[in-house]
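1. have a look at this prediction, sequence included:
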Amino acid sequence: MNYLHYTLNLNSNDTVVVRLDKQANVKLLNDSNFTNYKRGGRYTYYGGLAKSSPAHVTAPHAGRWHLVIDMGGYTGTVRASVSVV
């Protein structure tokens, strides 16, 4: 599985701004869901398919989060930049 990964320490209601060069899935996961994602198991996340850039995902609560950007099984690569506001 090919994906971009960023580990973020976020406060409640922080918004992650993701700038993409093409359409991609933008997912914000907690530790246990990120582990399941890497193993190919079931997981839940915040975010989804970003058809335009920038994409915004808001943290529902403070803590350590994993931002994952992937192509949803399609071939190709995506470039991204990430900031928190």
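-> Arrived safely, thanks for sending. Numbers count the residues shown, from 1 in each chain.
2. for this protein, what spans make up the helices?
-> 31-39 (DSSP state H).
3. okay, and for the protein, where does confidence drop off?
-> Judged against pLDDT under 70, the chain has no low-scoring part.
4. measure the residue of it most remote from its centre to Asn2 for me?
-> Distance from the C-alpha centroid of the chain peaks at Thr75, with 18.0 Å (Cα atoms, centre = their mean). The gap separating Thr75 from Asn2 is 9 Å, by Cβ to Cβ, to the nearest Å. (Glycine included, C-beta is placed from N, CA and C.)
5. same check on Ala50?
-> Counting by Cβ to Cβ - Ala50 and Asn2 are separated by 17 Å.
6. all strands in the chain, in order from the N-terminus.
-> 3-10, 15-20, 24-29, 46-50, 55-58, 63-70, 80-84 (DSSP state E).
7. helices and strands around the last one, which ones?
-> In terms of contacts (3 or more Cβ pairs under 8 Å, 6 or more residues apart in numbering; DSSP states H and E), strand 80-84 is packed against strand 3-10, strand 15-20.
8. so which of the strands of the chain is the most packed in?
-> strand 24-29 (a mean of 23; mean count of other Cβ atoms under 10 Å).
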